[in-house]
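*Asks:* Build the 3D model from these lines:
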Amino acid sequence: MANPMTAGVRKATTWSIALSVLMITAGVIAIGAPMIAGVAVTALVAWLLIFSGLLHLAFAWRDGRAGAVLWEILLGVVYGAIGLYLFANPVAGLASLTLAVAIYLLIEGVLEFVLSFQFRPLPGSGWLLVDGIITLILAVMIWSTWPSSAAWVVGTLVGISMLFSGVTRLMLSIAVRRIVV
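*Replies:* Here you go, the predicted structure:
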């Protein structure tokens with residue numbers, strides 16, 4: 001007779017393996033069709049901004065102070081307007097997101113570069129330097145080819161992330177299954 005805990009772990013890992021395969025498949029599709037994946041990400045960001053704008057408007061009167069109410073209404077309108085713009089113009093929104101990714105990577109690369117020098121005497125600090133340099137190179141590559149890079153950057157990065165998350169989840173699920181079952 002099987003242990004109920006073992007049966008529960010087996011069921012959970014089966015679902016996790018199935019989800020992992022779906023994530024890997026979605027990642028490969030996103031890498032293969034980065035423009036479509038990028039537009040899908042833009043649409044998701046648009047919906048999140050619209051929802052956030054609505055929440056700001058709904059909770060504007062919670063504070064009661066005129067300045068706070070006005071600020072919340074203003075934020076709600078700005079979030080909603082940007083969300084509607086992204087939703088109505090997904091390709092332009094994708095170009096904006098690509099530029100935001102380049103700026104983010106630039107800032108991250110500089111910070112990792114500085115951090116590597118602060119941690120220089122510690123073992124492994126060289127990896128921070130390597131990571132910072134690679135991140136800076138990626139930021140410059142995206143920035144220098146913008147706006148044409150908008151067609152592939154966001155979708156490819158999301159696809160790579162999904163692919164590696166799926167592989168990681170798959171390996172962990174298989175390892176848990178081997179240990180417990």
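*Asks:* Look at the closest residue to Val180 other than its chain neighbours and report its pLDDT.
*Replies:* Of all residues not flanking Val180 in the chain, Val9 sits nearest, at 4.4 Å (C-beta to C-beta, 6 or more residues apart in numbering). Using the backbone N, CA and C atoms, a C-beta is placed for each residue, glycine as well. Note on Val9: pLDDT of 81.
*Asks:* surely Val9 meets Ala175?
*Replies:* No - when contacts are counted by C-beta atoms under 8 Å, Val9 is not listed as touching Ala175 (11.8 Å).
*Asks:* Where do the helices of the protein begin and end?
*Replies:* Secondary structure of the chain, counting by DSSP state H: helices at 4-32, 34-58, 66-88, 90-118, 125-144, 153-180.
*Asks:* These into CSV, with extra columns for mean neighbour count?
*Replies:* Shown next, in CSV, are these (neighbours: other C-beta atoms under 10 Å):
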stretch, mean neighbour count
helix 4-32, 15
helix 34-58, 17
helix 66-88, 15
helix 90-118, 17
helix 125-144, 16
helix 153-180, 17
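*Asks:* Using CSV, list the CA coordinates for stretch 82-102.
*Replies:* What follows is stretch 82-102, C-alpha atoms only, in CSV (Å, rounded to 0.1, in the frame of the first residue of the first chain):
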residue,chain,number,x,y,z
ILE,A,82,-0.6,55.1,-20.7
GLY,A,83,-2.3,51.7,-20.5
LEU,A,84,-4.9,52.7,-23.1
TYR,A,85,-2.1,54.1,-25.4
LEU,A,86,-0.1,50.9,-25.1
PHE,A,87,-3.2,48.8,-25.8
ALA,A,88,-4.2,50.9,-28.8
ASN,A,89,-0.6,51.1,-30.1
PRO,A,90,1.2,47.9,-29.1
VAL,A,91,4.1,48.2,-31.6
ALA,A,92,4.9,51.8,-30.3
GLY,A,93,4.4,50.4,-26.8
LEU,A,94,6.9,47.6,-27.5
ALA,A,95,9.4,50.2,-28.7
SER,A,96,8.9,52.0,-25.4
LEU,A,97,9.3,48.8,-23.3
THR,A,98,12.5,48.0,-25.3
LEU,A,99,13.9,51.3,-24.4
ALA,A,100,13.0,50.8,-20.8
VAL,A,101,14.7,47.4,-20.8
ALA,A,102,17.9,49.0,-22.3
